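# need the 3D shape of this:
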Amino acid sequence: MLHVRLLTPIIFVLAFASPACADDPLNAAPFSRQPCVLGEGPCTPSFCGVFNDGPCVPDIPFPYGSGDLRLTIESAPKGADADKYRKPDHDLNTLADLYAALRACWTPPASDEAREGMQMSVRFAFKRSGDVIATPVVTYATPGVTDEVRGRYRSAIDEALARCAPLSLTRALGNAIAGKPINIRYVDNRAIAR
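Next up, the predicted model:
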């Protein structure tokens, strides 16, 4: 009885794995194809069959990254990126609109209180209404800076989000981003003379 339990998964895989799965019209998307255990295919390239050694972790190419939204905001955007820092004059309907609005709200600390190269990242989420759900959590700050400098940048970030909120989101974008984590990395790339 024990041998039957051990062999059942192997028999199942061998019975249903098709060598011609790359040509299967029902599995047209690469991340939904069946594994080709005995085939020569290119089927699911990261699939590990029953005869492979070692651990097998499939690398499924989902189309939307890690599931959260990431954005970098520079204090001095490059000339080509200047348009990305203008707040849209309409309800925000796309992620590009959302990112432009968040960039437009950013005002770094004054040069005499700033630190060149300072980086700080925060993580938070929005409600469907465009309000921030809770106080953003700092996930990274440049090591070796004083608590005073860190506090200045944290205050500037809080003020930027307060200036933005509530965002004027379309219903579609509000539904799409509600509760989804947003990670913003603020980079002070200004040349600060001392």
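
# which residues does P88 contact?
The contact partners of P88, by C-beta atoms under 8 Å, 6 or more residues apart in numbering, come to 97, 100-101. The C-beta positions use only the backbone N, C-alpha and C, and glycine is treated the same way.

# immediately after the helix or strand of the chain with the lowest mean pLDDT, which helix or strand?
The weakest-scoring helix or strand in the chain, judged by mean pLDDT, DSSP states H and E, is helix 2-16 (a mean of 50). Note on helix 2-16: by DSSP states H and E, the next helix or strand toward the C-terminus is strand 69-74.

# partner strands of that following strand, with direction?
strand 182-187 (parallel) (DSSP bridges).

# could you point out the longest helix in the chain?
Ranked by residue count, the top helix of the chain under DSSP state H comes out as helix 147-164.

# between that helix and strand 69-74, how big is the angle?
110 degrees (axes from the mean of the first three to the mean of the last three C-alpha atoms, to 10 degrees).

# show residues contacting helix 147-164.
With contact meaning C-beta under 8 Å, 6+ apart, helix 147-164 is reached by 101-102, 105-109, 113-115, 118, 120, 122, 124, 132, 136, 138, 141, 184, 186, 188.

# and with 7 Å instead?
Contacts with helix 147-164, where a contact means C-beta atoms under 7 Å, 6 or more residues apart in numbering, come from 101-102, 105-109, 113, 115, 118, 120, 122, 132, 136, 138, 141, 186.

# pLDDT weak spots in the protein?
1-67, 193-194 (pLDDT under 70).

# ok, back up a step: and the longest helix of the chain, what's buried?
For helix 147-164, burial by neighbour count (16 or more other C-beta atoms under 10 Å) applies to 149-150, 152-154, 156-157, 160-161, 164.
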